[in-house]
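> Got a sequence here, can you build the structure:
(4 chains)
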There are 2 protein chains.
Amino acid sequence: MGLTKTEIFTEAQNELAHIAKVLGHPARIAILEQILQREGCICNDLVFETGLAQATISQHLKELKSIGIIRGTISGKRMCYCIDQEKWETAQELLSNFFKKNQNTANCC
Amino acid sequence: MGLTKTEIFTEAQNELAHIAKVLGHPARIAILEQILQREGCICNDLVFETGLAQATISQHLKELKSIGIIRGTISGKRMCYCIDQEKWETAQELLSNFFKKNQNTANCC
DNA sequence: GCTTATAATCGTAATATTGCAATGTATAAA
DNA sequence: TTTATACATTGCAATATTACGATTATAAGC
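This is a model prediction of the structure:
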């Protein structure tokens, strides 16, 4: 059906899954890496860097904005995208805490 | 087109994205949490726990197996699922390293 | 042998995602 | 005021994902 039954899971599970889902595309990883590399902002040189169409990049940026991990501010006729530090750290911690749940479990099989 | 252009991204980007993608569904987060909680194995009580159909759970388990983060071993007529410690840590580190790329970046906008 | 339990797989329907061309919009430059 | 530039949005086609019922395969127990 292609429809995730979000209502049967907890808020936390849905939130974590949403963050992971947004990170779950190589183009979005590449975009984030570019933004980081240029230590600060960047506009749609991303189109040039990735080789994807402008519309496609725009769509991926929208996905990234949906978890708040990037922010876009207008500077003239250009857009300046950058990392939202706070949201970045939130995502980092949510994932980190999830992985920390697996301390010490002895292998069973 | 629904077809990710994996060939234009690096191995590392594709690998990280794949891991994130697999974690990007609340059912799979829930499944992993269950396996961890029962500190070791579990069979398809997952069906009961989540309320999803057996076929659906089986499919999600397959996704999780695709990144190696869980392993299933046969024990009689049951399957015993557990975390693969090594792969778990690999995934943890890949994500952790990705997030660590954003040290010290001054906010630009 | 047969029956039951457990889980994988197949087939299908519904919805989501990816990607792009075309179009729209706002700003800057001329 | 026109024109160009930079993005966002829309609409569409192709593919992927999610979910489930039905079927199949395997092993245990009789």
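
> How about the longest helix along chain A, which residues are buried there?
Looking only at chain A and at elements set by DSSP state H, the helix with the highest residue count is helix A:85-100. Buried residues in helix A:85-100, defined by neighbour count with 16 or more other Cβ atoms under 10 Å in any protein chain shown: A:87, A:88, A:90, A:91, A:92, A:95, A:98, A:99. Bear in mind the C-beta positions are built from the backbone N, C-alpha and C, glycine included.

> likewise stretch A:74-84?
Residues A:79, A:80, A:81, A:82, A:83, A:84 are the ones in stretch A:74-84 that count as buried (16+ other Cβ under 10 Å).

> start to end distance for it?
Using Cα to Cα, to the nearest Å, the end-to-end distance of stretch A:74-84 comes out at 15 Å.

> quick one: contacts of the longest helix of chain A?
For helix A:85-100, the surrounding residues in contact (Cβ atoms under 8 Å, 6 or more residues apart in numbering or on different chains) are A:15-16, A:19-20, A:67-69, B:29, B:88, B:91-92, B:95-96, B:99, B:102, B:105, B:107.

> Save the buried residues of stretch A:74-84 as TSV, and put in pLDDT and secondary structure too.
Formatted as TSV, the entries for the buried residues of stretch A:74-84 read as follows, by pLDDT from 0 to 100; DSSP: H, G, I helix; E, B strand; the rest coil:
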residue	pLDDT	secondary structure
A:79	92	strand
A:80	91	strand
A:81	93	strand
A:82	93	strand
A:83	94	strand
A:84	94	coil
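
> check those residues against chain B, which are close?
Within the set of these, contact with chain B (Cβ under 8 Å from any Cβ of the partner chain) is found for A:80, A:82, A:83.

> and which of the residues you listed is nearest residue B:43?
residue A:83 (42.3 Å; Cβ to Cβ).

> which residues pair with the closest one across the strands?
For residue A:83, the beta-bridge partners are residue A:70 (DSSP bridges).

> Neighbours of residue A:10, how many?
With neighbours defined by other Cβ atoms under 10 Å in any protein chain shown, the count for residue A:10 comes to 13.
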